[in-house]
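> show me how the following folds:
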Amino acid sequence: MCAQSFFYGLYAYLVLRGNLELTIAGRPARYLSENNFTLLIFYSLLYIATQVMTFGICSCPLLAHRLWKER
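Just a heads-up that it's a prediction; the model follows:
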């Protein structure tokens, strides 16, 4: 769980505090900002990744409780 929290924290830091200005970003991000469709794909994948990691973090206590009861 600690490793998962670390990666989630790193992801949140990069998304929220990092420089995501797409017009001056690196080559892959600049390609994504060329038109609205690729920008939609980029932000959709960002949203899905956030949802999956949040689900993973929130399910850890439930899984620990279930494993604790089986023991």
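> below-threshold pLDDT in this structure: ranges please.
Residue ranges of the chain with pLDDT under 70: 1-4, 18-26, 29-30.
> who's in contact with Ala12?
Contacts for Ala12 (Cβ atoms under 8 Å, 6 or more residues apart in numbering) come out as none. Heads up, the C-betas are built off the backbone N, CA and C, glycines and all.
> in terms of helices and strands, where is it?
Using DSSP states H and E, Ala12 sits in helix 2-16.
> distance from the chain centre to that helix, please.
Distance, stretch centre to chain centre, for helix 2-16: 8 Å (Cα atoms, centre = their mean, to the nearest Å).
> export it as PDB, just CAs?
Provided in PDB are the C-alpha atoms of helix 2-16 (Å, rounded to 0.1, in the frame of the first residue of the first chain):
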ATOM      1  CA  CYS A   2       2.900   2.300   0.700                       C
ATOM      2  CA  ALA A   3       4.200   2.000  -2.800                       C
ATOM      3  CA  GLN A   4       0.800   2.600  -4.300                       C
ATOM      4  CA  SER A   5       0.400   5.800  -2.200                       C
ATOM      5  CA  PHE A   6       3.900   6.900  -3.300                       C
ATOM      6  CA  PHE A   7       3.000   6.600  -7.000                       C
ATOM      7  CA  TYR A   8      -0.300   8.300  -6.500                       C
ATOM      8  CA  GLY A   9       1.400  11.200  -4.600                       C
ATOM      9  CA  LEU A  10       4.000  11.500  -7.400                       C
ATOM     10  CA  TYR A  11       1.300  11.400 -10.000                       C
ATOM     11  CA  ALA A  12      -0.800  14.100  -8.200                       C
ATOM     12  CA  TYR A  13       2.300  16.200  -7.800                       C
ATOM     13  CA  LEU A  14       3.200  16.000 -11.500                       C
ATOM     14  CA  VAL A  15      -0.300  16.800 -12.600                       C
ATOM     15  CA  LEU A  16      -1.100  19.500 -10.100                       C
END
